[in-house]
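1. 3D model of this:
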Amino acid sequence: MGGISEMPQVTEGPGAADGEALATLHRVFGFDAFRGEQQAIIEHVVAGGDAVVLMPTGGGKSLCYQIPALVRPGTGVVISPLIALMQDQVDALRALGVRAGFMNSTQDFDERRVVEAEFLAGELDLLYLAPERLRLDATQDLLSRGKISVFAIDEAHCVSQWGHDFRPDYLALSLLGERWPDVPRIALTATATHATHEEITQRLNLPTARHFVASFDRPNIQYRIVPKADPKKQLLAFLREEHPGDAGIVYCLSRNSVERTAEFLTANGIQAVPYHAGLDASVRAAHQSRFLREDGLVVVATIAFGMGIDKPDVRFVAHLDLPKSIEGYYQETGRAGRDGLPSTAWMAYGLNDVIQQRKLIQSGEGDEAFRRRAAAHLDAMLALCETARCRRGQLLAYFGQDADAEACGNCDTCLTPPETWDGTVAAQKVLSTVVRLQRERGQKFGAVQIVDILLGKRTGKVIQFDHDQLSVFGIGQDLTEGEWRGVIRQLLAQGLLAVEGEYGTLVLTEASGAVLRGEREVPLRKEPKKPAASRSRSAGGSGAGKARAAAAELPEALLPAFEALRAWRAEQAREQGVPAYVIFHDATLREMVTRWPASVRELGTVNGVGEKKLATYGEGVIQVLASLDGAAPPAPAGAPDDAPYDADWPEPADEPEPEPDWA
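-> Residues are numbered from 1 along each chain as shown. Alright, predicted model coming up:
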């Protein structure tokens with residue numbers, strides 16, 4: 001197979017939308033126009049073509065297979081690893097009037113029989129299956145007896161054996177084209193490098209598919225990485241100052257760290273629950289359900305959490321430990337701000353993160369090729385953390401997207417450009433200390449001992465090993481302990497130092513010699529004296545109220561109506577046992593109070609109000625607004641053309657389940 005550059009590419013452009021597809025968009029989802037490349041993708045699949053779609057989380061991927069499934073005759077079959085969330089996905093579609101169902105191991109025999117009967121009778125628009133279940137002969141026989149409109153392979157990057165969330169059962173999905181050659185297939189993912197893109201195409205046997213690559217930029221997300229001091233306290237300050245009462249996700253590397261962080265936040269007045277694979281399944285399900293249905297809850301989790309989370313008002317994603325790759329980081333941060341409103345991707349990052357990740361690679365399973373690939377992923381992640389450039393530009397460049405020459409203006413390196421300095425002499429001091437320990441004493445030590453030697457500290461360990469007799473003892477008193485740790489961290493990131501063994505000792509690399517000989521300069525970021533102060537965000541910076549971001553663009557006089565609609569929506573959600581966003585998104589409520597419709601018919605012109613929702617909730621919305629008439633003046637009718645919306649129903653996301661349900 002040729003490279004991606006040789007594959008047919010689709011450029012973004014309006015064109016004439018297929019009439020039935022556009023009518024379906026308006027009737028079911030309540031929007032008047034497609035955005036980005038949705039239109040071209042949908043037209044291609046509706047016409048029977050195969051497609052490979054790379055589009056960021058929240059970019060509207062789900063519509064790209066949902067509308068073809070509604071327009072083409074038969075049932076759209078969606079292959080998804082999201083067993084734990086299929087019920088929520090189906091509920092969201094049914095709220096739109098879409099006949100949806102799923103089959104997985106959470107159902108009993110009678111429930112599966114009902115879904116099978118609906119499929120065979122042509123009474124389903126969409127059927128969700130896990131890849132494990134699709135491999136069963138019984139499932140394939142069932143599908144052969146019905147009419148299939150389209151196969152959608154969601155989370156297609158799971159087919160990549162080099163990926164961070166490889167799922168072996170995805171390798172068998174090439175059988176779809178062999179057994180059902182006349183059914184169009186669409187493979188979708190929220191993120192993929194050039195290599196992963198090629199692997200998806202090859203392993204799913206999609207040689208003639210058309211390729212659609214959307215921009216990976218999420219301009220509403222502010223990327224910030226701060227040096228670790230006391231990370232839990234830094235996190236608490238970040239939440240109190242910038243996201244009081246907001247829903248968000250905090251990622252930690254270990255289960256113990258998850259538990260401790262959740263307890264710490266709860267003890268300090270932040271509603272927080274843990275989520276990791278070591279918890280009982282019922283506890284995980286309860287915490288996930290609370291996060292979807294409650295306002296302002298924080299989930300502290302390992303990467304086991306987040307896949308398929310279709311909550312549009314997640315205002316922040318925080319990392320207390322370094323992610324293993326940019327792919328993982330991008331997917332995890334992409335769970336913030338799906339509604340297009342200002343959100344934050346915040347990370348605390350330090351020397352121990354680098355050492356720990358290097359050790360994990362060395363001690364982990366896999367052959368040498370796997371370790372090399374893991375090391376390359378980590379190197380790219382470290383480069384993002386240490387860059388003095390625009391972080392957004394570096395992130396986009398990793399995915400092969402040319403960033404604008406100008407700074408984005410919404411990341412920490414743009415808002416507060418870091419100072420750089422010539423760290424060549426400092427680097428030589430560190431490397432010389434490592435050399436003397438190894439050559440003169442035959443010893444290897446970690447970063448703590450190296451720093452103590454440089455600072456001239458006569459600690460118990462320094463005296464025990466006579467390290468105060470080394471010629472390098474005390475030569476580093478021009479820098480503080482924190483600054484030396486920063487130097488070592490950046491030398492590790494630049495490949496001028498390496499980590500070795502179970503205890504994370506430091507050793508030289510092939511590149512170290514050029515620095516010691518003075519043949520290579522070492523530019524370094526200057527360590528801030530204290531964690532950067534919180535910056536005011538485009539959402540209005542710090543402030544109070546759970547709906548702060550959603551209400552940011554509203555005149556103050558309209559806020560009571562917005563809150564009244566939120567309260568009405570919450571009551572509807574409680575009565576029906578569904579998340580509030582299944583009723584209406586915040587962006588839709590904002591447009592309602594901005595336009596202030598006086599009738600159900602007028603309400604039908606608001607983005608996000610399709611026929612089913614208009615029939616179900618229209619009178620209720622009008623009654624709420626009517627009860628407030630006079631309390632707040634209506635704004636001029638007509639929403640701005642670029643009003644944000646999230647037409648991605650439901651948007652499966654990103655990470656594999658920690659304990660796959662083998663259906």
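2. Parallel or antiparallel, list what pairs with the helix or strand encompassing residue 524.
-> Taking DSSP states H and E as the definition, one finds residue 524 inside strand 523-525. Here strand 523-525 has these sheet partners by DSSP bridges: strand 420-422 (antiparallel).
3. Show the average pLDDT along the partner strand.
-> The average pLDDT for strand 420-422 rounds to 92.
4. likewise stretch 293-308?
-> Averaging pLDDT along stretch 293-308 gives 84.
5. show me the contacts for the closest residue to residue 26 other than its chain neighbours.
-> Nearest-residue entry for residue 26: residue 32, 5.8 Å, with adjacent residues in sequence omitted and distances by CB to CB, 6 or more residues apart in numbering. For glycine as for every other residue, the C-beta is placed from the backbone atoms N, C-alpha and C. Listed by CB atoms under 8 Å, 6 or more residues apart in numbering, the contact partners of residue 32 are 25-26, 607.
6. any idea how far the strand holding residue 524 is from the chain center?
-> Relative to the centre of its chain, strand 523-525 is centred 29 Å away, using CA atoms, centre = their mean, to the nearest Å.
7. what sits up against it?
-> Contacts for strand 523-525 (CB under 8 Å, 6+ apart): 386, 388, 418-423, 426-427, 486-487, 490.
8. Which of these ranks first by neighbour count?
-> Within these, most neighbours by other CB atoms under 10 Å means residue 487, with 27 neighbours.
9. What subset of the contacts of residue 32 is buried?
-> Buried subset of the contacts of residue 32 (neighbour count, 16 or more other CB atoms under 10 Å): 25, 607.
10. average pLDDT across the strand holding residue 524?
-> Averaging pLDDT along strand 523-525 gives 90.
11. Now that strand: buried residues?
-> Of the residues in strand 523-525, 524-525 count as buried by neighbour count, 16+ other CB under 10 Å.
12. And stretch 341-348, by the same measure?
-> Residues of stretch 341-348 classed as buried by neighbour count (16+ other CB under 10 Å): 341-348.
13. Could you export that stretch as CSV, CA atoms only?
-> Extracted in CSV, the C-alpha atoms of stretch 341-348 (Å, rounded to 0.1, in the frame of the first residue of the first chain):
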residue,chain,number,x,y,z
LEU,A,341,-16.7,26.6,25.2
PRO,A,342,-13.5,27.6,26.9
SER,A,343,-11.8,24.8,28.8
THR,A,344,-8.4,24.0,30.3
ALA,A,345,-5.9,21.1,29.8
TRP,A,346,-3.6,21.5,32.9
MET,A,347,-0.6,19.3,33.8
ALA,A,348,1.9,19.2,36.6
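14. what sits against residue 318?
-> Counted by CB under 8 Å, 6+ apart, residue 318 has contacts 235, 238, 248-251, 346-348.
15. correction: residue 295
-> Residue 295 is in contact with 245, 247, 546, 570, 580, counting by CB under 8 Å, 6+ apart.
16. and the least confident of the buried residues of stretch 341-348?
-> Ranked by pLDDT, those bottom out at residue 341, which scores 86.
17. Do I have it right that that one meets residue 219?
-> No - the criterion here is CB atoms under 8 Å, and residue 341 misses it with residue 219 at 11.4 Å.
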